[in-house]
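Enquirer: I'd like to go over a predicted model; first the sequence, then the structure.
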Number of protein chains: 2
Amino acid sequence: MRIEIINTGSELLLGSTINTHGAWLGQELLGLGLRVQRLVTVPDGDPIRDALKESIAVSDAVIVTGGLGPTSDDVTREATAEALGVELIEDEHAVRSLEAFFAKLGRPMTPSNLKQAQHPVGADVLPNPNGTAPGVYVPPRLGDSACAIFLLPGPPHEMHAMYHAEVAPRLKALTEMPADHGVTNIKFSGVGESSFQDMLDAKLHEAGGLEVGYCARPGELDLRLIGSESDRKTAANLAIKTYPQCYVNDDGRSLEATVVHALTEKNLKLALAESCTGGRISSRITDVSGSSAVFTHGYVTYANEAKVAMLGVNEASLEKEGAVSEKVAQEMAEGALRNSGADIALSVTGIAGPTGGTDEKPVGTVWIGISVRKGDQILTSAEMKFYPNGREVFKRLVSQAVLMNILRSTKEV
Amino acid sequence: MRIEIINTGSELLLGSTINTHGAWLGQELLGLGLRVQRLVTVPDGDPIRDALKESIAVSDAVIVTGGLGPTSDDVTREATAEALGVELIEDEHAVRSLEAFFAKLGRPMTPSNLKQAQHPVGADVLPNPNGTAPGVYVPPRLGDSACAIFLLPGPPHEMHAMYHAEVAPRLKALTEMPADHGVTNIKFSGVGESSFQDMLDAKLHEAGGLEVGYCARPGELDLRLIGSESDRKTAANLAIKTYPQCYVNDDGRSLEATVVHALTEKNLKLALAESCTGGRISSRITDVSGSSAVFTHGYVTYANEAKVAMLGVNEASLEKEGAVSEKVAQEMAEGALRNSGADIALSVTGIAGPTGGTDEKPVGTVWIGISVRKGDQILTSAEMKFYPNGREVFKRLVSQAVLMNILRSTKEV
């Protein structure tokens, strides 16, 4: 199936907006075993017409995003009708949906909004529960075209919801895909793409007609499995069993959301003592709604005096071992645990760079401390990591490692 | 001048990489007064050829990114020669550059790398100091084409450097642009696009043949001025004079980098007490290399007990006024100042949402406290803001407001 995407919107060509629709749709279509052959980005207005005519002529399916608004430069509907050689008509049901949407907002509906209820004769209106612009589906062999056409709204949350509800099922039907064909994404952290491939790639492929893909970001690896439900389950279990310590989730949530969820389930309180990450880990934890139930105290101790005053780190340890050391990481974690009354406390102390490194402790060196309560006891340890990847990636990788440490601790407590 | 962009690379269509080249080039070309008419993204291999032929036929200039590597699916050079109807030849100078590049890396050069030294007869080789793939410039009226063609490497830092050094000057010459024509970006925070337009737009346009644009992000507004140097200077001064309290910089740096720079210049120490932002502000400050010289203590006091224990906030204030109140914001800031010994301390306490709001203090309410030393005195105040924009945007807007408060304070101290 030859498939093309047309993204419309002048802002995409003026540099004020990065086009994320292309990558999002590319990934979703890949989940259906479909590959995008070409993606064309055009400004609002007449260029939409030319792009549509061209794509329809050579494709089996075309997905268009944007240009469904009420203003005069939103011409996607008109351009589609023109390309097909059919008329536009107003859809009664769509008019009533629009009226209901504006009533809910308490705003008056303008005549130009009525334009949004139009669609080419013979096409389906795709409901948009999240906005004013309904989508349009033109089945193959309508008018002058043999191509299936989907017109989707531009705002990402509207487009994504409509894709899942209206586009994916129709594409599955068109390609005669079995109903249980789909995609599973499994998130891992702390394992690299190459070791994953060496250990698992051949075995995953053995599990039948499965398509296996990887998407690596700093400190995170997504395993993408495309195929039948049973094949995906078998392969997912194999991957998780091979790297149980690195498994995050298969539900698409962020690592920090998974951590907050695990802490909440076990009713555990967390404290953090951050030096080199400067609050990044606290900030990621508190990005999650509901984190206030589990995260109470964060100590950002960038200076040595702060480590002493806020966490009770021994001046002697700082002098003898240095701030970036096993001993100071342990004292930071234990100080955070005692001062906060938390059940788990993590600490980080390291050299983010680009300056501050020495031969003995080069830029990228970091000690991660952990302190947990076991009954009446407090158990404290620390491990060293080395991420010489530049300041931004360093902070990201350290925060990934700490969040994974917390996740593993919640399983052991 | 009709200009089109072709981005090549299968990863852009499989969803694993978001295409940032389009937005970057769109913005840069806008700085030259040029608008991109169409952007086509195609996978590696043959589709590059088709896209090139099509774009060359209808454009005055075409910029192609990617497909200049040594592997068999890198066909941009071959496709260009074919479209022009000319031969490819090897460039002696480019071969020597490649040899030097590999010698510097201490890696052997493979025969397939020699392909990278080829270019269509009559075209210029564009040096690439940052990678192995030289670029190519095809002047208008070469072979069968009336179109100027730029072939640029795919990696962003290579592409950006080559654009500035090789592409922009040639486009300026082609469009007969004066040498002092350029773009100035001025960053503001704390003023909205609409009030900016109402107050200034007409006046900015009076300043001659200037093209004025805006780029708004949450809590930040970039004013883009395109024109001659003197026109840009006049307009920039007018804008800064109108919103002196909201001016950040005109050098493209982040707000946090500007804040760290201002603190360093005045030799001021900063402390932060964060509740609802959960460490976001500390993390942004410590994203800046050199921040350890000015930022020493960060208190992430998500829980009330943390506010009492870490900052000395009065339990009575918490009980009587609530955690989100002027009094608690002031006590947090003053506690942070006293405990850390800093010169400036900022505090935030608010309701990020989606839960936790009341009729009296709805989601989005935040108090920002500030405490500064003036001689022997400590001056403390607080102001209320309201950002009912969802958790993520709330944290972003509060951190913007706090960073602006710090920037203004450094000017007053």
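Expert: Done, it's in. Numbers count the residues shown, from 1 in each chain, chains lettered A, B, ... in the order given.

Enquirer: so the residue nearest to residue A:153 when sequence neighbours are not counted, which of the three states?
Expert: Leaving aside its chain neighbours, residue A:153 sits nearest to residue A:133 (4.2 Å; criterion: CB to CB, 6 or more residues apart in numbering or on different chains). Quick note: C-beta positions are derived from backbone N, CA and C, even for glycine. The three-state label given to residue A:133 by DSSP: H, G, I helix; E, B strand; the rest coil is coil.

Enquirer: Quickly note the distance from residue A:133 to chain B.
Expert: When distance is defined by CB to the nearest CB, to the nearest Å, residue A:133 is 22 Å away from chain B.

Enquirer: so where's the stretch 201-350 of chain A uncertain?
Expert: A:207-208 (pLDDT under 70).

Enquirer: Close to chain B: what parts of it are there?
Expert: A:213, A:215, A:272, A:274, A:276-283, A:285-287, A:289-292, A:295-303, A:305-306, A:309-310, A:339-341 (CB under 8 Å from any CB of the partner chain).

Enquirer: In PyMOL, how would I select just the buried ones from those?
Expert: Selection of the buried residues among these in PyMOL, burial being defined by 16 or more other CB atoms under 10 Å in any protein chain shown:
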select buried, chain A and resi 213+215+272+274+276+277+278+279+280+281+282+283+285+286+287+291+292+295+296+297+298+299+300+301+302+303+305+306+309+310+339+340+341
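
Enquirer: which residue does the stretch 101-250 of chain A bring closest to chain B?
Expert: residue A:215 (5.3 Å; CB to the nearest CB).

Enquirer: how near is that residue to residue B:15?
Expert: 8 Å (CB to CB, to the nearest Å).

Enquirer: Torsion angles phi and psi at the residue nearest to residue A:153?
Expert: Residue A:133 adopts backbone torsions of phi -90, psi 110, taken as degrees, to the nearest 10.

Enquirer: Tell me the confidence at it?
Expert: The model reports residue A:133 with a pLDDT of 87.

Enquirer: who are the neighbours in contact with it?
Expert: A:68, A:69, A:116, A:153, A:158 (CB atoms under 8 Å, 6 or more residues apart in numbering or on different chains).

Enquirer: Out of the residues you listed, which one has the lowest pLDDT?
Expert: Minimum confidence in the contacts of residue A:133 sits at residue A:69, scoring 84.

Enquirer: picking that back up, which strand residues bridge the residue of the stretch 101-250 of chain A closest to chain B?
Expert: Using DSSP bridges, the bridge partners assigned to residue A:215 are residue A:222.

Enquirer: contacting residues around it?
Expert: Residue A:215 neighbours (CB under 8 Å, 6+ apart): A:221, A:222, A:224, B:16.

Enquirer: Let me know the distance separating the closest residue to the first one other than its chain neighbours from residue B:202.
Expert: When the adjacent residues along the chain are set aside, residue A:221 lies closest to residue A:188, with 4.8 Å between them (CB to CB, 6+ apart). Applying CB to CB, one obtains 56 Å for the distance of residue A:188 from residue B:202.

Enquirer: Also residue A:368?
Expert: 57 Å.

Enquirer: Residue A:47 too?
Expert: 30 Å.

Enquirer: Got the phi and psi for the residue of the stretch 301-413 of chain A found nearest chain B?
Expert: Nearest residue of the stretch 301-413 of chain A to chain B (CB to the nearest CB) works out as residue A:303 at 3.6 Å. Residue A:303 has phi and psi values of phi -100, psi 150 when expressed as degrees, to the nearest 10.
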